[in-house]
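Engineer: Prediction below, plus the sequence it came from.
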Amino acid sequence: MNTDGGSGATTDDGFTALSATEDDEERRNLRNDLVRRHMGLSVSLARRFSHRGIPDDDLIQVANVGLVNAVDRFDPSLGYEFATFATPTILGEIKRHFRDRGWAVRIPRRLQELNLRLNTVSGDLAHRLGRSPTIAELAAATNTSEEDVLEALDAARAYRYRSTDAWSDDEDRADLELGGDDPDLPRIEARLLVEHLVGGLNRRDRLIIDLRFHQEMSQQEIADRLGVSQMQVSRLLRRVLDTLRAEMGDDVGI
């Protein structure tokens, strides 16, 4: 079993018990223990933003808020490592912290280079697979971690160049300014939950979800392909999205 963020805790370490318990005190204790044991991940992600105008201690506190949110949302039956699920949540919390203050953030060049590779690889994989590649497939194709892929995707959507001559000579980074709301983070989280929810659907419904979220077909295209009405497709998708909103909150962004 893999570990998360150097914390030494495994994905299922306590999460199953947390999901199963109905005792408030036991749930609180399990939740606090999981947060403590996975703080290595939030500290590691927070330190990627060091020397960017905010004290490290403040960044770690903000990252820990994201960690708590991820612990509350995570379902071990998803089949994903906790770090894969938690990384975009923690990064999103840090990103919002910068955005709320209108401060510039430096993004390592390695993430921009990785994003360029992802753009190429994603197209190749989509052509070969006949669908959009998963995070795991992108990580394998670029020989990097799923966490780095998530961070690169998040950075590509969350930031915009502040100037055309943003490259720094003394640091291998670019000056980027935090832009507006980022649709990528909720899409990543939504995709994880969509794949979890799909497991409980019948075969036809699973196909409809796959066509919509993985192959990015329109509702009418799906209806034409399956020989059903667009209204039937719309009702199924609405039911799934309503479930996502209920599980993830009103700010899911879908």
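Structural biologist: Great, that's in hand.

Engineer: Let me see the mean pLDDT of the strand or helix carrying I60.
Structural biologist: Per DSSP states H and E: I60 is located in helix 56-73. For helix 56-73, mean pLDDT is 89.

Engineer: After it, heading C-terminal, what element do we hit next?
Structural biologist: Next element after helix 56-73 (DSSP H and E): helix 82-101.

Engineer: tell me the angle that following helix makes with helix 56-73.
Structural biologist: On the basis of axes from the mean of the first three to the mean of the last three C-alpha atoms, to 10 degrees, helix 82-101 is oriented at 130 degrees to helix 56-73.

Engineer: related to what we said a few turns ago, can you list the helices and strands that the helix holding I60 packs against?
Structural biologist: For helix 56-73, the packing partners by 3 or more C-beta pairs under 8 Å, 6 or more residues apart in numbering; DSSP states H and E come out as helix 24-37, helix 39-47, helix 82-101. C-betas here are computed from N, CA, C, even on glycine.

Engineer: if you skip the residues just before and after it, what's nearest to F74?
Structural biologist: Leaving aside its sequence neighbours, F74 sits nearest to F85 (C-beta to C-beta, 6 or more residues apart in numbering; 5.4 Å).

Engineer: What is the neighbour count of that neighbour?
Structural biologist: Burial of F85 is recorded as 24 neighbouring residues (other C-beta atoms under 10 Å).

Engineer: Could you tell me whether I54 really is in a helix?
Structural biologist: No: according to DSSP: H, G, I helix; E, B strand; the rest coil, I54 belongs to no helix; its state is coil.

Engineer: Assign V228 to helix, strand or coil.
Structural biologist: At V228 the chain is in coil, as set by three-state DSSP.

Engineer: Tell me how far it lies from R131.
Structural biologist: Distance of V228 to R131, computed by C-beta to C-beta, to the nearest Å: 20 Å.

Engineer: now T21
Structural biologist: 37 Å.

Engineer: Many thanks, I have nothing further to ask.
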